[in-house]
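Novice: got a structure for you, letters missing:
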């Protein structure tokens, strides 16, 4: 065993941190704030559950938008998800509290040192190399712990809730293989990035903030470039959108707006879930659009065509399930989810609602009714897909993605600057049970805990900004005379994804980075 002192010590009462608080006071400030945020989010969710439980039939303003059967399915689906979210959030909060109170972080840090010295044969050193190695072991242990504790919740969400409501298409084997792939890719990316960042902070001197910021920016841009060609194909099966009317019209739309479209793909999202989505990505003159196959009607879905295509005799030795061999990763997210950086990706608008507008019914007769779509068939018509892409091109036209990237990088520079003022203070580490001052631990303490009030405010402001961007993109589609088709697409996607169209106003204000469905329909209707 190593003769070095243990990493965990009780927080001292007398020494003060750089922000004027004793370690013990700082620790309890973090703990109390963490629980206040949890209580606030739980309160918001409780308000939404009340809406889900009391609105059992469609209100008058939903006539022609969603029938009673679909409304009921959406209500029950979102109620199940909300209840599940309550219990999973409660568990996560209790787990985080236990880790902090019982010294989980210093325990894992000490265990990482033990693994290096007693099992891997390293000699203890206070040098950069040993710290980087110990930091990576710490990170891997943390990832393993999170994966094990989160697995039951992920299994229940996928194979109980999503399965119950007809969305899950994964088998258990697919699920496990997907998790393993995600773990391997995550580790392969995290280890070199974390190692390089620690090294830069150590040797950067007075300018390490600038070096760390440039490195982080470069990594973000690099991942955007390599993701589509090297990472996503490990999980998703992509195929070019077949030649035909839809592809021709999309290319004509891109040319008319001088959008530099280079590739147009369909991803086999139906192998994972029935949820619909779409996104575009890329920089400068290299833009690509990806449509989930669940967004398209079967007549233009290349994966459906492959599955039902007759097999010629001379092709009988081929594997008819060739199109099913690759996996699909989870829906690209609203990394963003209100966060300042979506990594250059833009997601499909999805709608929800927090207020009733009877005026929307004035022209619902112009929209396709549920009976207009073949029974049991999901997806959008070509005109509706073009309307959705017009919305997406609105984000490009108004430089929304670039704006988000700039905000993210400015925020990162500010965060690294503040980090430089705090990370050498011993009392800050002592507040969380550390006698040493490892760079990785400083990043976790400062970025995750000390910055939590700032991150909460920034997240809310970004949510407001994202909602504004969505209205602007809708307005751009409207300027292209596609308002009617976009309204029809939003309604279909809302129904296909079982999004509940009625929401508590306070809940939606803090949690939806897309405006509610009825708000968007109302805005699109004005001026028509």
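Specialist: Good, I have the coordinates. Keep in mind that this is a model prediction, so the values were computed, not measured. Numbering: from 1, shown residues only.

Novice: counting contacts, what elements does the one helix or strand residue 474 maps to pack onto?
Specialist: For residue 474, the host element (DSSP states H and E) is helix 452-479. If contacts are counted by 3 or more CB pairs under 8 Å, 6 or more residues apart in numbering; DSSP states H and E, helix 452-479 sits against helix 23-54, helix 382-397, helix 400-422, helix 483-496, helix 505-511, helix 517-525. Yep, even glycine has a C-beta here, placed from its N, CA and C like the rest.

Novice: The helix or strand that contains residue 141: which residues count as buried?
Specialist: Residue 141 is part of helix 128-156 when elements are defined by DSSP H and E. Buried residues in helix 128-156, counted by 16 or more other CB atoms under 10 Å: 130-142.

Novice: Ok, stretch 257-274 next?
Specialist: For stretch 257-274, by 16+ other CB under 10 Å, it's 257, 259, 261, 264-274.

Novice: ditto for stretch 508-517
Specialist: Applying 16+ other CB under 10 Å to stretch 508-517 flags 508-517 as buried.

Novice: And stretch 96-114, by the same measure?
Specialist: For stretch 96-114, by 16+ other CB under 10 Å, it's 96, 100, 103-110, 112-113.

Novice: Pick the one among these closest to residue 167.
Specialist: The shortest approach to residue 167 among the buried residues of stretch 96-114 belongs to residue 96, at 28.9 Å (CB to CB).

Novice: Is the closest one within a helix or a strand, and which one?
Specialist: Using DSSP H and E, residue 96 sits in helix 68-101.

Novice: count of neighbours near the residue lying closest to residue 431 once chain neighbours are set aside?
Specialist: Nearest residue to residue 431, sequence neighbours excluded (CB to CB, 6 or more residues apart in numbering): residue 23, at 3.7 Å. For residue 23, the neighbour count with other CB atoms under 10 Å is 25.

Novice: Surely residue 23 and residue 434 touch.
Specialist: No. Taking contacts as CB atoms under 8 Å, residue 23 lies outside contact range of residue 434: 10.1 Å.

Novice: before we move on, back to that, so what's the gap between the helix or strand just after the helix holding residue 96 and the chain middle?
Specialist: Following helix 68-101 in sequence order, the next helix or strand is helix 104-114 (DSSP H and E). Distance of helix 104-114 from the chain centroid (CA atoms, centre = their mean, to the nearest Å) equals 30 Å.

Novice: how much does helix 104-114 deviate in direction from helix 128-156?
Specialist: Interaxial angle of helix 104-114 relative to helix 128-156 (axes from the mean of the first three to the mean of the last three CA atoms, to 10 degrees): 120 degrees.

Novice: I'd like the average pLDDT over stretch 136-148.
Specialist: The average pLDDT within stretch 136-148 is 96.

Novice: got it, and stretch 288-295?
Specialist: Confidence over stretch 288-295 (mean pLDDT, whole number) is 89.

Novice: Go ahead and measure how far it is from the middle of the chain.
Specialist: For stretch 288-295, the distance to the chain centre is 17 Å (CA atoms, centre = their mean).

Novice: And the pLDDT for residue 373?
Specialist: Reported pLDDT for residue 373: 47.

Novice: do the same with residue 347
Specialist: pLDDT, residue 347: 41.

Novice: got the buried residues for stretch 33-49?
Specialist: Under the neighbour-count rule (16+ other CB under 10 Å), stretch 33-49 has 34, 38, 41, 44-45, 48-49 buried.

Novice: ok, of those residues, which one's closest to residue 247?
Specialist: residue 48 (40.0 Å).

Novice: Next, the angle from whichever strand or helix holds residue 223 to helix 400-422.
Specialist: Residue 223 is part of helix 208-226 when elements are defined by DSSP H and E. Going by the same axes, to 10 degrees, helix 208-226 is angled at 150 degrees with respect to helix 400-422.

Novice: list the helices and strands helix 208-226 packs on?
Specialist: When contacts are defined as 3+ CB pairs under 8 Å, 6+ apart, helix 208-226 sits against helix 172-203, helix 400-422.

Novice: can you put the ones you listed in TSV and add distance to residue 293 and mean neighbour count?
Specialist: Formatted as TSV, these follow (distance: least, CB to CB, whole Å; neighbours: other CB atoms under 10 Å):
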stretch	distance to residue 293	mean neighbour count
helix 172-203	16	15
helix 400-422	24	17
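
Novice: now those as a markdown table including mean pLDDT?
Specialist: What follows is the helices and strands packed on helix 208-226, written out as a markdown table (pLDDT from 0 to 100):
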| stretch | mean pLDDT |
| --- | --- |
| helix 172-203 | 95 |
| helix 400-422 | 95 |
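
Novice: Nearest approach to residue 278 belongs to which of those helices?
Specialist: Using CB to CB, the helices and strands packed on helix 208-226 put helix 400-422 closest to residue 278, at 14.5 Å.

Novice: Quick check: next helix or strand after that closest one?
Specialist: helix 426-430.

Novice: Mind giving me the packing neighbours of that next one?
Specialist: Partner elements for helix 426-430 (3+ CB pairs under 8 Å, 6+ apart): helix 23-54, helix 439-443.

Novice: what distance separates that helix from the middle of the whole chain?
Specialist: So, by CA atoms, centre = their mean, the centroid of helix 426-430 is 33 Å from its chain's centroid.

Novice: Show me the two of the buried residues of stretch 508-517 that sit farthest apart.
Specialist: Going by CB to CB, the pair spanning these furthest: 510 and 517, at 17.5 Å.
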